[in-house]
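Trainee: what would the 3D arrangement of this be:
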Amino acid sequence: MTYLVTGATGSVGRHVVAHLLQAGHRVRALTRDPARAALLPAGVEVVRGDLTRTGTLVPALRGVTGVHLIDAADAAYTPLPNGAEIVEAVRDAGVRRVTLLSGWSPGTLEPAVTGGDLEWTYVQPTEFMANALAWAEQIRTKGVVEEPFGATRTAMVHESDIGAVIAAALTEDGHQGRSYGLTGPELLDVPAKVRILAEAIGREITFTELSVDQLRQRDRAQGVPEEMTEFQIRVFGAVPEGAYQVTPTVEQVTGRPPRTFAQWAAEHADAFR
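Mentor: Reported below is the predicted structural model:
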């Protein structure tokens, strides 16, 4: 059986690919830029395609048992405008099983996937551990992390754990029609995350808290889309106590505890040195 992974070179997609291969399945990787797919493991069938251009999916879907979809039209996670067309192409190809990784904001793909007769699983991770890579340059050059909302505690989730859940949902029975909220094993505020990174790289890192106005000014200067800045403010600013909770879903689906942020930091320490 062959499984198609869209966004296969992304921070989660490459882990979906790895877990499928580890389980002995054939993998077809869809990417806009096949050159980037050189980083994928040997044995992966790479095909060029673009989720925003539905016609490019048709050849990629031939002979596929299941497909992993992402609701992202670009690097800014703009929701796909052609969700109904994508689902129609999936159905026309005879594919029944689909996983969908949620995007930054609601789009057309999620209702198209969940509103029909596909065997779907909707995966909604909390904050990715890989988001900490946004701090890499300031840590390397200044030994500091400058962020707002320092007291907000979140249960960051490792991208490999997201990939493992998606691979299981694609290849195993019992996950269809389920929405999985995924978290890591612990709630951490920003200073705690900074301390863990400092331990991983073996040097001190200072945390400086930004105001909301300072965040907007910084993001504007860096060319961050305004909607992404406002999304961060909405998700991490002034949240009620207990708004974020650890869920047992990763362990329930994969049979093992989720990875910790300390494990992620050790794996990625070189990016911060």
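Trainee: tell me the confidence at Pro240?
Mentor: What the model reports for Pro240 is a pLDDT of 75.
Trainee: oops, could you answer that again for Trp264 instead?
Mentor: 98.
Trainee: same thing with Ser105?
Mentor: Per-residue pLDDT puts Ser105 at 69.
Trainee: same check on Ala76?
Mentor: 65.
Trainee: the helix or strand hosting Arg234: which residues count as buried?
Mentor: Here Arg234 sits within helix 226-236, counting by DSSP states H and E. Applying a neighbour-count criterion of 16 or more other CB atoms under 10 Å, one finds Thr229, Gln232, Ile233, Val235, Phe236 buried in helix 226-236. All C-beta atoms are positioned from the backbone trio N, CA, C, and that covers glycine.
Trainee: again, but for stretch 249-264
Mentor: Thr249, Val250, Val253, Thr254, Pro258, Arg259, Thr260, Phe261, Gln263, Trp264.
Trainee: so how far is Glu227 from the closest residue in space to the last one that isn't next to it in sequence?
Mentor: Read it as Trp264. Leaving aside its sequence neighbours, Trp264 sits nearest to Met129 (CB to CB, 6 or more residues apart in numbering; 4.3 Å). Per CB to CB, to the nearest Å, Met129 is found 23 Å from Glu227.
Trainee: before we move on, the earlier item: and which of the buried residues of stretch 249-264 is nearest Glu119?
Mentor: Closest approach to Glu119 among those (CB to CB): Val253, at 15.7 Å.
Trainee: so who does Met129 touch?
Mentor: Neighbouring residues of Met129 by CB atoms under 8 Å, 6 or more residues apart in numbering: Met156, Val157, His158, Glu159, Gly184, Phe261, Trp264.
Trainee: ok, which stretches of the stretch 1-150 of the chain are strands?
Mentor: In the stretch 1-150 of the chain, strands defined by DSSP state E, counting those that start in this stretch lie at 2-6, 26-31, 45-48, 64-70, 97-101, 119-125, 144-147, listed in chain order.
Trainee: could you list the low-pLDDT ranges of the chain?
Mentor: 75-76, 104-105 (pLDDT under 70).
Trainee: geometric centre of it: which residue is closest?
Mentor: Val12 (4.7 Å; CA atoms, centre = their mean).
Trainee: how about stretch 115-131: buried residues?
Mentor: Buried-residue list, stretch 115-131, by 16+ other CB under 10 Å: Leu118, Glu119, Trp120, Thr121, Tyr122, Val123, Pro125, Thr126, Glu127, Phe128, Met129, Ala130.
Trainee: and it, how far out from the chain's middle?
Mentor: 9 Å (CA atoms, centre = their mean, to the nearest Å).
Trainee: list the buried residues for stretch 34-45?
Mentor: Taking 16+ other CB under 10 Å as the criterion, stretch 34-45 shows Ala37, Leu40, Val44 as buried.
Trainee: any idea which of these is closest to Arg53?
Mentor: Distances from Arg53 to the buried residues of stretch 34-45, taken by CB to CB, are shortest for Ala37, at 17.9 Å.
Trainee: would you mind listing the outside residues contacting stretch 190-207?
Mentor: 132, 135, 139, 143-145, 147, 149-152, 156, 188, 209, 261-262, 265-266, 268-269, 272-273.
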